[in-house]
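S.K.: Give me coordinates for this.
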Amino acid sequence: MTRSRALLLVPAAVVALLVAGCSSGNASSPGQAAGSAAASPSESSPLGDIPDNQVYVPYGPSDGSFTVTVPEGWARTDVSGGVSFTDKLNTVTVQQLTGRPQPHPDSVLGSELKDIAAKDPSVSTGTVETRSLPAGNAVHATYSADSPADPVTGRTTRDDVELYVFWRNGSEVLLTLSGPHGADDVDAWRTVSTSFAWL
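M.R.: Prediction:
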């Protein structure tokens, strides 16, 4: 009787594999193990990609001195001198400082970036340059840094960070955009940075 049960189980297992393979409706791609699930469209995107259909809304400080568009629906947190908006692995931070001299690439490298690196030893500085934007010239700096540790897993990702320093009459606005290295955030960050306007 044991022998007949074994013979019955083998065909049943084969049938189950065939049914599972056919029910997916997707052919295995080269390099994909037989019987493994095909990646969903969201899983095939690089970690941290901001979707093309992301909606943006205006943000401005209580003094009404400037406005900038930020992604709608992202979690808002108050930070020193401003506010931060976060969704999953991406963050937009807007901070306003007063009584500041007009910035230039060397001063941003020796002041703002130096302060950031002093607080976070994982920071690796990239380029610092002046960029012409709709709001006027701004200093644009890039750097990379470890993200905050995930509260559940404790893991960190390596983030690419862009810092825009806007200045007018002693008032300085730091616009910081960060996301995982390799994420396709170029269009999103362009939307945010070019939206900045003094009022």
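
S.K.: can you list the domains in the chain?
M.R.: Domains of the chain are assigned by automatic domain parsing as 2-38, 46-198.

S.K.: Switch these over to a markdown table; also include mean pLDDT.
M.R.: Output for the domains of the chain, formatted as a markdown table (pLDDT from 0 to 100):
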| stretch | mean pLDDT |
| --- | --- |
| domain 2-38 | 40 |
| domain 46-198 | 96 |
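
S.K.: which of the ones you listed is buried the deepest?
M.R.: Most buried of the domains of the chain by mean neighbour count (mean count of other C-beta atoms under 10 Å) is domain 46-198; its value is a mean of 16. Yep, even glycine has a C-beta here, placed from its N, CA and C like the rest.

S.K.: need the helices for this structure, in chain order.
M.R.: Assigned by DSSP state H, the helices in the chain fall at 2-23, 41-44, 105-110, 112-119, 186-195.

S.K.: Check which helices and strands the last one is in contact with.
M.R.: Pointing back at helix 186-195 there. strand 56-59, strand 66-71, strand 158-168, strand 171-180 (3 or more C-beta pairs under 8 Å, 6 or more residues apart in numbering; DSSP states H and E).

S.K.: which residues touch it?
M.R.: By C-beta atoms under 8 Å, 6 or more residues apart in numbering, the list of residues contacting helix 186-195 from outside reads 50, 52, 54, 56, 58, 67-71, 90, 92, 133-134, 162, 164, 175, 177.
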